[in-house]
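> sequence first, predicted coordinates after that:
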Amino acid sequence: MPAVTTIAEPAAASAAAGRTLAVEVSSLVKRYGVVEAVKGVSFDVGRGEIFALLGPNGAGKSTTIKMLCTLALPTDGTARVGGFDVRRQPKAVRRRIGLVFQEQTLDDQLTAEENLRFHAVLYRVPRHEVDARIDRVLRLVALEGRRKDLVSTFSGGMARRLEIARGMLHTPTVLFLDEPTVGLDPQTRALMWDDVKRLREEEGVTILLTTHYMDEAEYADRIAIIDHGQIVALDSPDALKRKVGQDTVELTTADNALAASRLAAAGSRCQEGGEAVVVFTTDGESQVARLIEIAGVPVSNVHVHRPTLDDVFLHFTGRQIREDQGERVPSMAVRARAGRH
Amino acid sequence: MATAPLPLHPSTPRLLDERGDLGAELRTIGMVWERELIRFVRTRTRILSSFVQPILFLFVLGYGMTTLVGTTAGFTFKKFVFPGVVAMSVVMTAIFSAISIVWDREFGFLREMVVAPVSRSSLVIGKTLGGSSIATVQGTIMLVLAPLIGVHLTAVLVGQVIGLELLMAVGLTSFGVFVASRIQRIEAFQVVMQLLLLPMLFLSGAMFPLKGLPTWLAVLTRLNPVTYAVDPLRRVVFAAQAMPPAAAARFSTGISMFGTTLSLSAEIGIFCVFTAVFLALAVVGFGKPE
């Protein structure tokens, strides 16, 4: 395990200073019985920012979002959304946020328009503005042609985009997207991201999303990497990559543990993470031959790359984030697979 | 480092605080009600199925029992059971309309409602009124069978019946909503409802007069809330018929308790109390944040 990097709070605060804050979170804790799902997270999100909480399933992302949406009561700490305290002014908070959940929350026996009208009443959109808003949000997600269609005729991607439109209907200050692209094909995902960026451009809304997709987090202005209920890193995607700083050389060997110990003994900074030994080095390409020699075990695969967010995650948590399950692959399975090479 | 609250809608300069806004809550109730009706109209099988059972009861029980019971002074068992069957159709539709809550939970829409900045009470009241309206319409449509049975209808009677149906429907929809709020799965809801529904119907006096029952049965019928909704309905229907005294004695109305017979308004009063309790339970049972 690498040393846990504590988030540099002054840096985060200064990044948001001078702007209006849409979300202010301070030492937020959520305990379910003895389980501490969120262990004191602090961060600020400026107005108009796209902010991502990135982490594997069960890291505490969704619990954090639930507390900010007033769906779960914080055990400790404070959070303000749109200037209102989530604990003391939950209704004021709810009126200023849009929510898109992981699971669909549309009525598929109603038309797109009927779903939006229902929402407009519940969120008190002034009556004379409702029609114009419905037109606008449907255009934002390119569904204006499906206004009168039953939601049951929509594809998964269209339904998700309609939910985003609905989340924007009442002109929220902050739009929360909890794993918005889970279950969507790559094309639909790209479309959805176009929608999200357009929302920010045209409506100036602040977007707070959770994801365990690395490539999606790169769309964000800033990313908080969350693991085991704590923020382990918080910065812009570029700055995070710079923090990792080095190239990585990934060696898939016959005995990863042995290779790792030899490399470490030779002074290389390395980790036995997932299916391979990862060595952090400068100018990885020229180092490959030397590293293989030090490892001294059969190497079946070598991969050199410049830092990506995957590496950032690995760097801060010691684990690779996995798209399919968001969990560490059991080491036994890895060894069994490596043995078959 | 708290920031000033941000304005909500450009056209709404006044900041809304935590207090409820009656107009907004009423619009919410109206919207939830409207959705229930839209959904009902769009599911035709449901409309059809909720007619079949009462009609079956009317013809099987009505015609079958009439031959057995015989006719008293020109008044048949069919006529006696007719208000009971109308009540039955209201009760069944009302109770099962609450299944929409379980559906909403299963398909996620419940979440859209409970996270909204409106009070839970408005949601429950809207749901309850929606289900009640549907049940009242169902019961009222049953009245078209009245001439076939030989039950005489007047405009005043139809008005009275609709009023009583609505009360009955609100009480039982609230009961259904309360049960639904405690149940996570659709199968469980159906099983629980079937288990509760049949005793509630059979022990309500919908099928037989409440006079001269064995004590245990008399006690059970008096504990059943539905009893206090069926009897008023039958009373107003019978009051509009020309009933010979012999028929009125045979097919009696009225609920006797502790040696006295309850007045119509006392029966309605008791049912209102049940309704208030069920509605309160439904609001409370509708869930709280984690």
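Arrived safely.

> now do the SS call for residue 161.
The chain I'm using is chain A. Using DSSP: H, G, I helix; E, B strand; the rest coil, the structure places residue A:161 in helix.

> look at chain B instead
Counting by three-state DSSP, the backbone at residue B:161 sits in helix.

> what about it, neighbour count?
By the measure other C-beta atoms under 10 Å in any protein chain shown, the count of residues near residue B:161 is 26. Any C-beta I mention is one placed from the backbone N, CA and C, and that applies to glycine too.

> surely it touches residue B:143?
Yes - taking C-beta atoms under 8 Å as the contact criterion, residue B:161 and residue B:143 are neighbours in contact, 6.8 Å apart.

> overlap of the contact sets of the two?
Counting by C-beta atoms under 8 Å, 6 or more residues apart in numbering or on different chains, the shared contacts of residue B:161 and residue B:143 are residue B:86.

> buried stuff in stretch A:253-264?
Of all the residues in stretch A:253-264, those buried under the rule 16 or more other C-beta atoms under 10 Å in any protein chain shown are A:253, A:255-256, A:259-260, A:262-264.

> out of these, name the ones that lie in strands.
residue A:253 (DSSP state E).

> tell me where chain B has helices.
Taking DSSP state H as the test, the helices found in chain B are B:22-42, B:44-69, B:77-97, B:99-106, B:109-114, B:120-141, B:146-149, B:155-181, B:186-202, B:215-223, B:227-239, B:245-250, B:264-285.

> can you redo those helices as TSV with mean pLDDT and distance to chain A?
Putting the helices of chain B into TSV (pLDDT from 0 to 100; distance: least, C-beta to the nearest C-beta, whole Å) gives the following:
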stretch	mean pLDDT	distance to chain A
helix B:22-42	91	4
helix B:44-69	78	11
helix B:77-97	88	14
helix B:99-106	85	8
helix B:109-114	87	4
helix B:120-141	92	9
helix B:146-149	85	33
helix B:155-181	92	17
helix B:186-202	87	15
helix B:215-223	88	38
helix B:227-239	90	30
helix B:245-250	76	48
helix B:264-285	91	17
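
> for residue A:36, find the nearest of those.
When those are compared for distance to residue A:36 using C-beta to C-beta, the nearest one is helix B:109-114, at 25.2 Å.

> for that closest one, packing partners?
helix A:112-122, helix B:99-106, helix B:120-141 (3 or more C-beta pairs under 8 Å, 6 or more residues apart in numbering or on different chains; DSSP states H and E).

> alpha carbons only: can I get stretch A:172-183 in CSV?
These are the backbone C-alpha positions of stretch A:172-183, laid out as CSV (Å, rounded to 0.1, in the frame of the first residue of the first chain):
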residue,chain,number,x,y,z
PRO,A,172,-31.2,23.9,-10.6
THR,A,173,-28.0,25.4,-9.3
VAL,A,174,-26.4,22.0,-9.1
LEU,A,175,-27.1,18.9,-11.2
PHE,A,176,-26.1,15.7,-9.5
LEU,A,177,-25.4,12.7,-11.8
ASP,A,178,-24.9,9.5,-10.0
GLU,A,179,-23.1,7.1,-12.4
PRO,A,180,-24.9,8.6,-15.3
THR,A,181,-23.5,6.4,-18.0
VAL,A,182,-23.7,3.0,-16.4
GLY,A,183,-25.3,0.6,-18.8
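
> is chain B contacted by it?
Yes - contact of stretch A:172-183 with chain B (C-beta under 8 Å from any C-beta of the partner chain) involves residue A:173.

> in that stretch, what's buried?
Residues of stretch A:172-183 classed as buried under the neighbour-count rule (16+ other C-beta under 10 Å) are A:172-181.

> now swap in stretch B:71-87 and tell me
Going by neighbour count (16+ other C-beta under 10 Å), the buried part of stretch B:71-87 is B:72, B:75-87.

> gap between it and the chain center?
From the chain centre to the centre of stretch B:71-87 is a distance of 21 Å (C-alpha atoms, centre = their mean, to the nearest Å).

> thinking again about what came up before, residue A:188: which of the buried residues of stretch A:253-264 is nearest?
Distances from the buried residues of stretch A:253-264 to residue A:188 were compared by C-beta to C-beta; the smallest belongs to residue A:256, at 37.1 Å.

> quick check: that closest one vs residue A:265, distance?
15 Å (C-beta to C-beta, to the nearest Å).

> in stretch B:146-165, what's buried?
Under the neighbour-count criterion of 16+ other C-beta under 10 Å, stretch B:146-165 has B:146, B:149, B:151, B:157, B:160-161, B:164-165 buried.

> kindly report the same for stretch B:229-240.
Neighbour-count burial for stretch B:229-240, with 16+ other C-beta under 10 Å as criterion, is recorded at B:229-238, B:240.

> got it, and stretch B:185-196?
Using 16+ other C-beta under 10 Å, the residues of stretch B:185-196 that count as buried are B:189, B:193.

> same check, this time on stretch B:35-55
Of the residues in stretch B:35-55, those scored as buried under the neighbour-count criterion (16+ other C-beta under 10 Å) are B:35-36, B:38-40, B:46-47, B:50, B:54.

> now those as TSV including distance to residue A:310?
Below are these laid out as TSV (distance: C-beta to C-beta, whole Å):
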residue	distance to residue A:310
B:35	45
B:36	48
B:38	47
B:39	46
B:40	51
B:46	51
B:47	55
B:50	57
B:54	64
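
> farthest pair in these?
With distance counted by C-beta to C-beta, no two of the buried residues of stretch B:35-55 lie farther apart than B:35 and B:54, which are 25.7 Å apart.

> just give the nearest non-adjacent residue to residue 138, would you?
Just so you know, I chose chain A. For residue A:138, the nearest residue in space outside its immediate sequence neighbours is residue A:144; the separation is 4.5 Å by C-beta to C-beta, 6 or more residues apart in numbering or on different chains.

> try again with chain B
The spatially closest residue to residue B:138, leaving aside those adjacent along the chain, is residue B:93, at 4.5 Å (C-beta to C-beta, 6+ apart).

> who touches the residue lying closest to residue B:171 once chain neighbours are set aside in this structure?
Ranked by C-beta to C-beta, 6+ apart and with sequence neighbours excluded, the top spatial neighbour of residue B:171 is residue B:275, at 3.7 Å. When contacts are counted by C-beta under 8 Å, 6+ apart, residue B:275 is found next to B:167, B:170-171, B:174.

> and the residues you listed, which is closest to residue A:219?
Looking at the contacts of residue B:275 and their distance to residue A:219, the nearest is residue B:174, at 47.5 Å (C-beta to C-beta).

> picking that back up, which pLDDT value goes with the residue nearest to residue A:138?
The score at residue A:144 is 90. That number is its pLDDT.

> any idea how far it is from residue A:165?
Per C-beta to C-beta, residue A:144 is found 10 Å from residue A:165.

> likewise for residue A:28?
Residue A:28 is 29 Å from residue A:165, where distance means C-beta to C-beta.

> likewise for residue B:142?
43 Å.

> can you give me the helices for chain A?
A:9-16, A:61-68, A:90-95, A:112-122, A:127-140, A:156-168, A:186-203, A:214-217, A:237-244, A:256-265, A:284-295, A:309-317, A:331-339.

> and of those, who's closest to residue B:201?
helix A:112-122 (33.9 Å).

> what about the closest one, distance to the chain center?
The gap between the average C-alpha position of helix A:112-122 and the chain average comes to 28 Å, counting by C-alpha atoms, centre = their mean.

> what do you get for stretch A:165-172?
Offset of stretch A:165-172 from its chain centre (C-alpha atoms, centre = their mean): 21 Å.

> kindly report the same for stretch A:46-63.
Centroid separation for stretch A:46-63 versus its chain: 5 Å, with C-alpha atoms, centre = their mean.

> closest one to residue A:58 among the helices of chain B?
Where the helices of chain B are weighed against each other on C-beta to C-beta, the nearest is helix B:109-114, at 20.6 Å.

> mind listing residues that contact stretch B:39-59?
For stretch B:39-59, with C-beta under 8 Å, 6+ apart as the criterion, the contacting residues are A:107, A:109-110, B:78, B:81-82, B:85-86, B:88-89, B:92-93, B:96-97, B:100, B:130, B:134, B:138, B:141-142, B:145, B:149.

> which residues touch the closest residue to residue A:74 other than its chain neighbours?
Among residues not flanking residue A:74 along the chain, residue A:67 sits closest, at 4.9 Å (C-beta to C-beta, 6+ apart). The contact partners of residue A:67, taken as C-beta under 8 Å, 6+ apart, are A:28, A:30, A:38, A:73-74, A:79, A:86.
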